[in-house]
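A.B. asks: Predicted model and sequence below, questions to follow.
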Amino acid sequence: MPPPPATTDTLCPPWRRLLALVYDLLIVLAIVMVVGLVCQLATGGNLIRTGARTVVPVWYQALQGAVVVAYFISSWRRGGQTLGMRPWRIRLTRDDGGRPTLQQALIRVLVAGAPLMLLLLEPVIGLRATLWTLLAVWAGWFAVALVDPRRRALHDIVAGTEIRRLN
């Protein structure tokens, strides 16, 4: 496998990584929709039960999570870039500039996704309050990049990775 393209000493500004994240959210939405379609077909359209309360099987939620995690980890391990990172010419690297290890990629995706656990609060505090809380926590995760000298978000600091601009 060829070595990754050279990176500059320019670290990625937070606005670039957020725009790349918007692109990736569109990709994730498409992935989730395809997995949902396959699961609906496999269950004869009886995947999600509606009534007084909507019931989504735990196995389906776990499958959706696993597929999304696999997308990010495989993208970062293969070439250091997700599809959303390519147009913005940014790449995920280890702190020393090398390709992230499987462990680093797994830590990064788990820490970045940890605020999703707040969705468990929805039955207690309601959907609107839960989503605002989730947004506030994620903003805090990324706000760290504004004060970190190497512009790393919280998940990058924990995983020992950083986002760099390509030549």
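C.D. replies: Happy to help now that I have it.

A.B. asks: After the lengthiest helix in the chain, heading C-terminal, what element do we hit next?
C.D. replies: Secondary structure assigned by DSSP state H gives helix 14-42 as the longest helix of the chain. For helix 14-42, the following helix or strand on the C-terminal side (DSSP states H and E) is helix 58-79.

A.B. asks: List the buried residues for the next helix or strand after that next one?
C.D. replies: Next in sequence after helix 58-79, counting helices and strands by DSSP H and E, comes strand 90-94. Judged by neighbour count using 16 or more other CB atoms under 10 Å, the buried positions of strand 90-94 are 90-93. (C-beta placed from N, C-alpha, C; glycine too.)

A.B. asks: among the helices and strands of this structure, which one scores worst on average pLDDT?
C.D. replies: strand 7-11 (a mean of 63; mean pLDDT, DSSP states H and E).

A.B. asks: Distance-wise, check residue 48 relative to residue 60.
C.D. replies: To residue 60, residue 48 is 8 Å away according to CB to CB, to the nearest Å.

A.B. asks: and what of residue 43?
C.D. replies: 9 Å.

A.B. asks: Kindly report the same for residue 166.
C.D. replies: For residue 166 relative to residue 60 (CB to CB), the value is 37 Å.

A.B. asks: How about residue 77?
C.D. replies: 26 Å.

A.B. asks: cool, and residue 158?
C.D. replies: 29 Å.

A.B. asks: before we move on, what about residue 148?
C.D. replies: Noted for residue 148: a distance of 37 Å to residue 60, by CB to CB.

A.B. asks: How about residue 113?
C.D. replies: 17 Å.

A.B. asks: repeat for residue 137
C.D. replies: Relative to residue 60, residue 137 is positioned 25 Å away (CB to CB).

A.B. asks: Just give me the neighbour total for residue 55.
C.D. replies: 11 (other CB atoms under 10 Å).
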